[in-house]
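[1] let's see this in three dimensions:
(one chain, ligands or ions: 2)
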Amino acid sequence: MILAPSLLAADFGNLQQAIEMVNASEADWFHIDIMDGVFVPNISYGMPVLSVIQKHATKPLDVHLMIVDPSRYISTFAKLGSDILTVHYEACTHLHRTLQAIKAENMKAGVALNPHTPVSVLEDIIQDVDVLLLMSVNPGFGGQSFIENTYKKVRQAKTLIEQSGASTLIEIDGGVSLKNAKALVEAGADALVAGSFVFNAANPTQTIADLKHI
Ligand code: DX5
Ligand code: ZN
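    Ligands and ions are numbered 1, 2, ... in the order given. Below you'll find the model as predicted:
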C-alpha cells in the first residue's frame, strides 16, 4: 500500500521539519492539497509554498487540486515538480483533454470524485486515469469523519478498472486512520492519504509505520 501523508495537517510554521520527517519515514508520497476558496469553501496554500515543498521533499509529490478549471495551471504545477496531478471530475468540462494535457507534461494524471459523484461517470475515461482519488470526506478541510459509503465505491472502482483492463491506482482521501486503513486496502485501495491522523499523533513517524504495517 502506498501511504501519502497530507501536509495540510502539518505545522506550517515548521514546514521544513515536517517534510524532513516524511522524507525519513516509511511514507511513499507527499499529498499536497491546493484549495482555491471557490471549488471548496477553504483556501490552503498555493505555488510559493509548493516551491518550498519541492525544494526539501525527496519523495514524489501527489498534488490534489481542489480548484475550478484546473486546466489553467497544468504547466505551472509541472514546473513546481508535481509527479501526480489530480483534478476533480466536478471541476472539469473537458476532462479527457485535461488528462491528456497533464500527461503531455510528463505527470501522472489523477481524477478525484466527491463523495456524491458515482464511480460510473468514469466508465468512458478510466483507461486514461492513472490515479482515481475517491474522496471519503467532503473536500475542503482536514480532520473530518470518514464516510462509510466509500467502501462500496472502492469495490465499484476496482471492478470498473479490472473490467476495462486499466492500470489505474485507487487512492482514498479523508478521515483515514488505523480504524479503516486495513478494510480500505482489503476493498481494493492502493494508496491512502492521511493528514490529521499522522500529524496530530504524538509520534508521526511511528504512526506512518503503523499505517504501512496494517
Ligand atoms: C481534504 C483533503 C485531504 C485532507 C485529509 O479536502 O483533500 O487530503 O488533508 O485530511 P484528514 O486525513 O485529516 O482527513
Ligand atoms: Zn487531498
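[2] so which bits of this protein are right by ligand 2?
    Within the chain, the positions near ligand 2 by CB under 5 Å from the ion are 33, 64, 173. Just so you know, the C-beta spots here come from the backbone N, C-alpha and C atoms, and that holds for glycine as well.
[3] in contact with the residue of the chain found nearest ligand 2, which residues?
    In the chain, the residue that lies nearest ligand 2 is H64 (3.7 Å; CB to the ion). By CB atoms under 8 Å, 6 or more residues apart in numbering, the residues touching H64 are 31-34, 86, 110, 112, 133, 173, 193.
[4] OK, contacts around L95?
    Contacts of L95 by CB under 8 Å, 6+ apart are 87, 89, 111, 125.
[5] circling back: can you tell me the SS state at the residue of the chain closest to ligand 2?
    For H64, the assignment made with DSSP: H, G, I helix; E, B strand; the rest coil gives strand.
[6] what do you get for A78?
    Classification of A78 by three-state DSSP places it in helix.
[7] what does V38 give?
    Here V38 is coil, with the state taken from three-state DSSP.
[8] show me what the longest helix anywhere in the chain packs onto, helices and strands only.
    As assigned by DSSP state H, the longest helix anywhere in the chain is helix 150-164. Secondary-structure packing of helix 150-164 (3 or more CB pairs under 8 Å, 6 or more residues apart in numbering; DSSP states H and E): strand 131-135, strand 169-173, helix 181-187.
[9] packing partners of the second one?
    In this case it means strand 169-173. Counting contacts by 3+ CB pairs under 8 Å, 6+ apart, strand 169-173 is packed against strand 2-5, strand 131-135, helix 150-164, strand 191-194.
[10] to V185, which of those lies closest?
    Smallest distance to V185 across the helices and strands packed on strand 169-173 (CB to CB): 7.5 Å, for strand 191-194.
[11] E105: neighbour count?
    15 (other CB atoms under 10 Å).
[12] spatially, what comes nearest to it if we skip its sequence neighbours?
    Leaving aside its chain neighbours, E105 sits nearest to A78 (3.8 Å; criterion: CB to CB, 6 or more residues apart in numbering).
[13] distance check, the one you found against L50.
    Separation of A78 from L50 (CB to CB, to the nearest Å) stands at 11 Å.
[14] so between the two, which is more surrounded?
    Here A78 and L50 are compared on neighbour count by other CB under 10 Å; more neighbours surround L50, at 23 against 18.
[15] so the more buried one sits against D33, correct?
    No: L50 lies out of contact with D33 (CB atoms under 8 Å); the separation is 10.6 Å.
[16] how about the residues of this protein that lie near ligand 1?
    Within the chain, the positions near ligand 1 by CB under 6 Å from any ligand atom are 6, 8-9, 31, 33, 64, 137, 139-144, 173-176, 193-197.
[17] cutoff 8 Å now
    6, 8-9, 31, 33, 35, 40, 42, 64, 66, 112, 135-144, 146, 173-177, 193-198 (CB under 8 Å from any ligand atom).
[18] ok so, going back, would you turn the contacts of L95 into a markdown table with pLDDT?
    Shown next, in a markdown table, are those (pLDDT from 0 to 100):
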| residue | pLDDT |
| --- | --- |
| V87 | 99 |
| Y89 | 98 |
| V111 | 99 |
| I125 | 98 |
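[19] can you give me every residue that contacts I67?
    34-36, 38-39, 73, 91.
[20] returning to what we had before: can you redo the helices and strands packed on helix 150-164 as a markdown table with mean neighbour count and mean pLDDT?
    Listed next are the helices and strands packed on helix 150-164 as a markdown table, based on neighbours: other CB atoms under 10 Å; pLDDT from 0 to 100:
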| stretch | mean neighbour count | mean pLDDT |
| --- | --- | --- |
| strand 131-135 | 26 | 99 |
| strand 169-173 | 25 | 99 |
| helix 181-187 | 17 | 98 |
